[in-house]
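Participant: Coordinates for the following, if possible.
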Amino acid sequence: MEYFAGWIFCILVGALIGKLKGRIDSGVIWSALFGPIGWLVVALMDDLRAKCPHCRGAVVEGARKCMHCGEELFARPAPPVMSAAAPIQAARSPAPAAVAPDNSPCRLCGQRIMISTLKLGDNFCPHCFERFVAE
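Facilitator: Sure thing, here's the model as predicted:
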């Protein structure tokens, strides 16, 4: 029974090391087969998580700004150029969506942010890492 508990412990530690490298499956397999030696193998493997092109820090999937250096991860598309021959059309705003009382959209990415989690002063959007001031 102690052997089985030790084996499960090795697998959990290997999964944790693998998660830090973006390789949970490799962490589980290597640690299940080789125990602590598998931990070392997974720790020495390449990191599979996306990297910031500016600082090479690991980036959360779907983020617009790097949480380490604050740089934008991809360039914003340029606004369309209107030619003189093209007719000017008024942009219609979409119908307002029902907003829950505790949610507010981020000004940059539009993702919902829970107001109750904000503090007074500077805050960062958890999705795009844009800085904003909560009042």
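Participant: Show me where this structure has its helices.
Facilitator: Using DSSP state H, the helices of the chain run over 2-21, 24-34, 36-44.
Participant: From the rest of the structure, what touches the last one?
Facilitator: Defining contact as C-beta atoms under 8 Å, 6 or more residues apart in numbering, one finds that helix 36-44 is touched by 10, 13-14, 17-18, 21, 23, 26-27, 29-32, 34. In short, each C-beta sits where N, CA and C put it, glycine included.
Participant: Switch the helices of the chain over to CSV; also include mean pLDDT, mean neighbour count and distance to residue 117.
Facilitator: Output for the helices of the chain, formatted as CSV (pLDDT from 0 to 100; neighbours: other C-beta atoms under 10 Å; distance: least, C-beta to C-beta, whole Å):
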stretch, mean pLDDT, mean neighbour count, distance to residue 117
helix 2-21, 89, 15, 24
helix 24-34, 90, 18, 27
helix 36-44, 90, 16, 33
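Participant: what's the closest of these to residue 73?
Facilitator: Closest approach to residue 73 among the helices of the chain is made by helix 2-21 (20.3 Å; C-beta to C-beta).
Participant: Averaged over its residues, which helix or strand of this structure has the lowest pLDDT?
Facilitator: strand 131-134 (a mean of 70; mean pLDDT, DSSP states H and E).
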